[in-house]
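Asker: got a sequence here, can you model it:
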Amino acid sequence: MPPSPIPETEIASRLNSLPSWRREGNEITRTFTFPDFRASLAFVNKTGDLAEAAAHHPDIDIRYNKVRLALTTHDAGGLSAKDFDLAAKINNL
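Answerer: Numbers count the residues shown, from 1 in each chain. The predicted model follows:
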C-alpha cells in the first residue's frame, strides 16, 4: 500500500521544522554548499546511505560544490511523511 499524502494544512507546519528546505510544487528541496567537489560527493554518499535505509530516494543534482536535493513521494502523488522524515535525517548529517 502506498504512503498517504500529507494534507496541505500540515505541510507548512512540517516545513517550519526543517531549516532551509522549501516547497516547490509537489517537492521539498534544499541546496547545500560545500568547500569543494570532494565534500559534495561525500555528502551525496552519506545521503545515499540514508536513502537506501529508508527505501526513499531523492533527486540529486551536483554542481561542483553545490548539491540540490528534491524529495517527493511519487506513489503517494505528492508529499508524504517519508519526505519530511528523510529531510530531517539529511539535515543531521
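Asker: CA atoms for contacts and neighbours, from now on please.
Answerer: Will do.
Asker: against Ile60, how distant is Phe34?
Answerer: Phe34 sits 15 Å away from Ile60, going by CA to CA, to the nearest Å.
Asker: all helices for this protein, in order.
Answerer: For the chain, the helices defined by DSSP state H cover 8-16, 37-54, 81-91.
Asker: which one of these has the poorest average confidence?
Answerer: Taking the mean pLDDT of each of these, the lowest value is held by helix 8-16, a mean of 94.
Asker: so which bits of that one are buried?
Answerer: Across helix 8-16, burial judged by 16 or more other CA atoms under 10 Å covers Ile11, Leu15.
Asker: angle of that helix against helix 81-91?
Answerer: Compare the direction of helix 8-16 with that of helix 81-91 by axes from the mean of the first three to the mean of the last three CA atoms, to 10 degrees and you get 10 degrees.
Asker: how far off centre is helix 8-16?
Answerer: If you compare the mean C-alpha spot of helix 8-16 with that of the full chain, they lie 15 Å apart, counting by CA atoms, centre = their mean, to the nearest Å.
Asker: end-to-end on stretch 12-28?
Answerer: Using CA to CA, the end-to-end distance of stretch 12-28 comes to 11 Å.
Asker: what sits against Leu18?
Answerer: The neighbourhood of Leu18, defined by CA atoms under 8 Å, 6 or more residues apart in numbering, consists of Phe84, Ala87, Ala88, Asn91.
Asker: report the buried members of those residues.
Answerer: Among those, those scoring as buried are Phe84, Ala87, Ala88 (criterion: 16+ other CA under 10 Å).
Asker: nearest to Pro7, of those?
Answerer: Phe84 (13.0 Å; CA to CA).
Asker: isn't that closest one up against Ser13?
Answerer: No: taking contacts as CA atoms under 8 Å, Phe84 lies outside contact range of Ser13: 10.8 Å.
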